[in-house]
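Enquirer: Everything below, folded, please.
(one chain, ligands or ions: 2)
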Amino acid sequence: MSSLKNPPTKSRRDRQRLILGLLVSGGLFLALGMAVALRLQGPVKTLPYGQFRKQLERGEIASVRLGPTLIEGRLLAVNPQDGRPIHFRVSRVGMEHDVDLIRLLDVHIPGGDYEAETGPSPLQTVVFPGALFLLMLLAFSWVVSRSGGMGSAMAFAKSRARVYTGNAQRVTFEDVAGHDEVVIELKEIVEFLQTPGKYCSLGGRVPKGVLLIGAPGTGKTLLARAVAGEAGVPFFSLSGSDFVELFVGVGASRVRNLFARAQAKAPCLIFIDELDAIGKARGAGGPGSHDERDQTLNQLLVEMDGFDANRGIILLAATNRPETLDQALVRPGRFDRQVVVDRPDLIGREQILKVHARAVPLEETINLRQVAAITPGFVGADLANLVNEAALLAARRGKTTVGLPEFEEGIERLIAGPEKRQRLLRREEKNRIAFHEAGHALVARKLPETDPVHKISIIGRGNGALGYTLYRPEEDRLLHTRTSLENAVSSLLGGALAEELALGEASDGCSSDLRRATQIARRMVVEFGMSPVLGRLNYLKDSGLSSPTAAELSWSEQTAREIDLEVRRIIDEAQARARIILQGHRETLDEIAARLIEQETVDAAELKAILENAECRTEDTPRGVGGPGSES
Ligand code: NHX
Ligand code: ZN
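Expert: Ligands and ions are numbered 1, 2, ... in the order given. Predicted coordinates for the structure are as follows:
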């Protein structure tokens, strides 16, 4: 899927060209100005007025031009080096009324070679600025024509839609894997496009807009291209952010332009990626003026109402935040069909992997179902990356085929970045990292309903983590009970807690653990109604914005305080549970940490063995605190 990603947006390149053009014309302007100032005429001496008069009286001056504030002229003497004349300049400010001057000039300038000047020459006032203006105009239109492909400044208003016609990169539903239900729904759209007349003859109303809703990387763009490819119609593709420009009105005229072009090519498909960039609720959002975006959105609504879907234009749009869209966009006659593009399930992932692995030689024994099983939560783009990473790793290892170990390592690289083995660790720090990760793992293993620990490691990773615990979420866990959330918090707190128990105090390394733990606890209270004190209420405002800032929360100060206290209570109780586990299994904790220091990583099977071994030795192991179902 990554190979089909959009090329980088054009607008940035255009802006760079514009700035370059402005710089070039600015430079020209400066150079010309300096040339005018220097007049390219050899040395010019600036004389004091008194000096000038003395020299005049001594007959050392050849010619004089009297300006209103300035006297310029040429000395009789020449430059001894190159024989060029020496010019001079005298300010006469304050001396304008020197009544003797004319008499002196009459007497001392040979041949009466003096004259008055009324002001700057026409060359200076008209020709130079005119030429400059023309030059800048030329430079500007050159830039615009380079960027927009048309020779006028109106290129700004032209939409940047990429148009795909013909079969060059035709995508069909064959190329889309793992979204069978979505494909079924979109096939209807294909029929509308192919035979627009068939549906309206029965009085049906052809949909104008279809909204694809799904997380980034789930393949929404690919699906849109496949619809166009299947229908064999032109495909106008652009991103919502292409409309958002500095200049008010540009976005709106781009929308107009886009629809005009589409009308000319009907039947066709228009695809707007990141619709939320223009479609955010009007008047909502941050400070400052959103006039530009509002105008763009208004224009889009106007165009959607204006075009006749029966002529075979269908608008497809993608967003991952449908709740932020302006309600006007999803009303009947606009984006009234909504198709959710979910993260793929096990079978979907296997199908997607198969598509991406078509060009990759796999080991005989590998089954892509196995790879799909260990990649819960991955979307199409992730899986495409994974196949690529695995192939690169196999090549690096000198193998001719790609096997499961390469996929395993590829997953870790995608989640946490490449290994950073070179980092030199002090012995105490290595020890601390080991206890930290052992703490996470032990708590997770001892509490029910937690994601199983897949691997723990004290090898640093490219993302900056010094050590990590890889949880492998159980396949297709869509809902999380209160217990599972509480215990996830416990496990997150287990790292710092283990440091504290084993080494006397915790370190500053746990900040991201704490952030995630606090986030979970807060959502339990504010969003999931899991606090008995605050009740089964969702405290987010109606806008349903997924990341509430203080201003978007709808509660009183009293409630705010109660929320804080409840979040605090959840964290404290989770920590208490983790503490009981770590204290009750202190030897196991030491054992896991020792094993980590010895071999740097411990996988799920080794962890299980350590835990079972420890339980054989001590029969009176305290049971997990989470109630029945506590696992071994
Ligand atoms: C510091 N780094 O800031 C040092 C340099 C506590 C053994 N003082 O919790 O590596 O503290 O379980 C993903 C997730 C950087 C990326 C967490 C990048 C944390 C990670 C900061 C282990 N494992 N902390 C952890 C850790 C740190 C960091 C991350 C990340 C440590 C801890 C980093
Ligand atoms: Zn941690």
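
Enquirer: which parts of stretch 301-319 are buried?
Expert: Of the residues in stretch 301-319, those scored as buried under the neighbour-count criterion (16 or more other CB atoms under 10 Å) are 301, 303-304, 307, 309-310, 312-319. For glycine as for every other residue, the C-beta is placed from the backbone atoms N, C-alpha and C.

Enquirer: With stretch 581-599 instead?
Expert: Using 16+ other CB under 10 Å as the test for burial, stretch 581-599 gives 581-582, 584-585, 588-593, 595-597.

Enquirer: which SSE is the residue of the stretch 351-500 of the chain found nearest ligand 2 in?
Expert: In the stretch 351-500 of the chain, no residue comes nearer to ligand 2 than Gly495, which is 3.4 Å away by CB to the ion. Secondary structure assignment for Gly495, by DSSP states H and E: helix 482-503.

Enquirer: Heading C-terminal from that helix, find the next helix or strand.
Expert: Moving toward the C-terminus from helix 482-503, the next helix or strand (DSSP H and E) is helix 511-526.

Enquirer: so what does that following helix touch, helix or strand wise?
Expert: The contact analysis (3 or more CB pairs under 8 Å, 6 or more residues apart in numbering; DSSP states H and E) places helix 511-526 against helix 482-503, helix 557-584.

Enquirer: Can you say which of these is packed in most?
Expert: Ranked by mean neighbour count, the helices and strands packed on helix 511-526 are led by helix 482-503 with a mean of 23 (mean count of other CB atoms under 10 Å).

Enquirer: so what does that helix touch, helix or strand wise?
Expert: Under the contact criterion of 3+ CB pairs under 8 Å, 6+ apart, the helices and strands touching helix 482-503 comprise helix 427-446, strand 468-471, helix 511-526, helix 557-584, helix 586-599.

Enquirer: okay if I get those as TSV plus distance to Gly209 and mean pLDDT?
Expert: Compiled in TSV, those are given as follows (distance: least, CB to CB, whole Å; pLDDT from 0 to 100):
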stretch	distance to Gly209	mean pLDDT
helix 427-446	45	95
strand 468-471	40	92
helix 511-526	32	96
helix 557-584	39	95
helix 586-599	54	95
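
Enquirer: on that earlier part again, of all the buried residues of stretch 301-319, which comes closest to ligand 1?
Expert: For those, the closest approach to ligand 1 (CB to the nearest ligand atom) belongs to Thr319, at 27.8 Å.

Enquirer: I'd guessed that closest one sits against Ala277; true?
Expert: No. Checked against CB atoms under 8 Å, the pair Thr319 and Ala277 is beyond contact range at 9.0 Å.

Enquirer: Mind checking the helices and strands packed on helix 511-526 for the one nearest to ligand 1?
Expert: When the helices and strands packed on helix 511-526 are compared for distance to ligand 1 using CB to the nearest ligand atom, the nearest one is helix 482-503, at 4.9 Å.

Enquirer: between the closest one and helix 511-526, what angle do the directions make?
Expert: Angle between the axes of helix 482-503 and helix 511-526 is 150 degrees (criterion: axes from the mean of the first three to the mean of the last three CA atoms, to 10 degrees).

Enquirer: Would helix 482-503 count as contacting ligand 1?
Expert: Yes. With CB under 6 Å from any ligand atom as the measure, helix 482-503 is seen reaching ligand 1 through Gly495.

Enquirer: circling back: farthest pair within the buried residues of stretch 581-599?
Expert: Based on CB to CB, the longest span within these runs between Gly584 and Ile597 and measures 22.4 Å.

Enquirer: Where does Leu30 fall, secondary structure wise?
Expert: Remark: Leu30 resides in helix 10-38, with elements defined by DSSP H and E.

Enquirer: Which SSE is immediately downstream of that helix?
Expert: strand 44-47.

Enquirer: which one is Ser484 nearest to, not counting chain neighbours?
Expert: Glu449 (3.8 Å; CB to CB, 6 or more residues apart in numbering).

Enquirer: hang on, I meant Arg595
Expert: Across the structure, with CB to CB, 6+ apart as the measure, the residue nearest Arg595 apart from its sequence neighbours is Val602 (5.4 Å).
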